[in-house]
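In: got a predicted structure here, sequence first:
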Amino acid sequence: MEASGTSGEKASVNGVLNCSILDGWWAEGYTGSNGWAIGTNSSYHSYEEQDKADSSSFYHILEDKIVPAYYKKNEKGISDEWVKWMKKSIKTTGGKYSTSRMVVDYVNQLYMPLCNLSKNHFQDLEKVAEFENWKKQAAMNWDKIEIKQDKNIDNAMFVAGSQITVRCEVKLPNIDETRVETQVYFGQIQENGTVKNVFTQAMKKVGEDKQQHLYQYETTIKLTTGGNFGYTFRVVPKHEMLLDQENLNLVKWIEK
């Protein structure tokens, strides 16, 4: 149930193909053409229900994709399709998944930002107390946030280079609007239901009704690739003393 994923990473850079659930490193490493993904990121009511869905997905992939690709060999006894997948595996993971990259990421994204954060904001105990109080208040009121769409088109096919403007309205009762960030979350939807090339983009406030605690946001999404794209909206906390917005485990998604 708990693993770092190093075995899968080492396998992939040596041309060994992965077939795994979208968890751990494979959630980042899977591209759709360098191996196979078992199931989706759907939520289930029980482990039994998830096991049944993942089992069905795995046997479908094995029977309809992996076995035919591996055994479809030419006169030399080599599967050209399998070799093609192997090369894609090496190309997409080689150099990207390594100890050097891991250490550099930790230093640049965690260790140094934490040092700077501590130096700039956590030397003043009064500021620390205010920050702790803000976190408690945010946790108490976060579920009261409401997000509504505003005249948006449904998920659809787009060509590369397309630009679409999306809008939403957010109700923030008992929450300071300067302490939140409204984002659009979008990506390319694959045939198996997974989402590839996921991006989040902050939205700009374009209107407000402070008496009703209503705020309107919009932004323009530029799509670098074509395909079937989907998007949704969410609100996350914003504070200069937060290293990452995800640290508080407070994310409010639009409810349909």
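Out: Right, received. Where do you want to start?
In: which SSE is residue 36 in?
Out: Using DSSP states H and E, residue 36 falls within strand 35-38.
In: so where's the stretch 1-150 of the chain uncertain?
Out: Regions of the stretch 1-150 of the chain meeting the criterion pLDDT under 70 cover residues 1-4, 150.
In: just to revisit the earlier point, pairing partners for the strand holding residue 36, with directions?
Out: Strand 35-38 pairs in its sheet with strand 18-21 (parallel), by DSSP bridges.
In: excluding its backbone neighbours, what's nearest residue 27?
Out: Counting by CB to CB, 6 or more residues apart in numbering, residue 41 is the residue found nearest to residue 27 once chain neighbours are left out, at 8.0 Å. Heads up, the C-betas are built off the backbone N, CA and C, glycines and all.
In: ok now the longest helix seen in the chain, how far from the chain's centre?
Out: Within the chain, and with DSSP state H defining each element, the longest helix by residue count is helix 125-141. On the basis of CA atoms, centre = their mean, to the nearest Å, the separation between the geometric centre of helix 125-141 and that of its chain is 27 Å.
In: mind giving me the domain split of this structure?
Out: Listed by automatic domain parsing, the domain ranges of the chain are 6-97, 143-253.
In: would you agree residue 228 is in contact with residue 189?
Out: Yes - counting by CB atoms under 8 Å, residue 228 does reach residue 189; the two are 4.7 Å apart.
In: comparing those two, which shows the higher neighbour count?
Out: Neighbour totals were compared for residue 228 and residue 189, and residue 189 leads with 16 against 12 (other CB atoms under 10 Å).
In: correct me, but that one touches residue 230?
Out: Yes - under the contact definition of CB under 8 Å, residue 189 touches residue 230, with a separation of 5.0 Å.
In: run the chain-centre distance for stretch 233-249.
Out: Stretch 233-249 has its average C-alpha position 15 Å from the chain's average C-alpha position, going by CA atoms, centre = their mean.
In: what mean pLDDT does that stretch have?
Out: The average pLDDT within stretch 233-249 is 91.
In: put the alpha carbons of it into CSV.
Out: The C-alpha coordinates for stretch 233-249 follow below in CSV (Å, rounded to 0.1, in the frame of the first residue of the first chain):
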residue,chain,number,x,y,z
PHE,A,233,-13.0,25.4,-10.8
ARG,A,234,-11.7,25.4,-7.3
VAL,A,235,-10.8,27.7,-4.5
VAL,A,236,-7.5,27.3,-2.5
PRO,A,237,-6.1,29.3,0.5
LYS,A,238,-3.6,32.0,-0.1
HIS,A,239,-1.2,33.4,2.6
GLU,A,240,2.4,34.6,2.5
MET,A,241,3.2,32.2,5.4
LEU,A,242,2.1,29.2,3.4
LEU,A,243,4.8,27.2,1.6
ASP,A,244,2.3,25.4,-0.6
GLN,A,245,-1.5,26.0,-1.0
GLU,A,246,-2.0,22.3,-0.5
ASN,A,247,-0.5,22.2,3.0
LEU,A,248,-3.7,23.0,4.8
ASN,A,249,-5.7,20.3,2.9
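In: buried ones in it?
Out: Buried residues in stretch 233-249, counting neighbours by 16 or more other CB atoms under 10 Å, are found at 233-237, 239, 241-242, 245.
In: ditto for stretch 124-137
Out: Going by neighbour count (16+ other CB under 10 Å), the buried part of stretch 124-137 is 131, 134-135.
In: residue 35: which of these is nearest?
Out: Ranked by distance to residue 35 (CB to CB), these are led by residue 135 at 40.0 Å.
In: touching the helix or strand that residue 198 is a member of from outside, list them.
Out: Using DSSP H and E, the secondary-structure element containing residue 198 is strand 195-202. The contact list for strand 195-202 (CB atoms under 8 Å, 6 or more residues apart in numbering) reads 31-32, 181-190, 219, 221, 224-225, 230, 234.
In: go again with 6 Å.
Out: When contacts are taken as CB atoms under 6 Å, 6 or more residues apart in numbering, the neighbours of strand 195-202 outside the stretch itself are 181, 183-190, 219.
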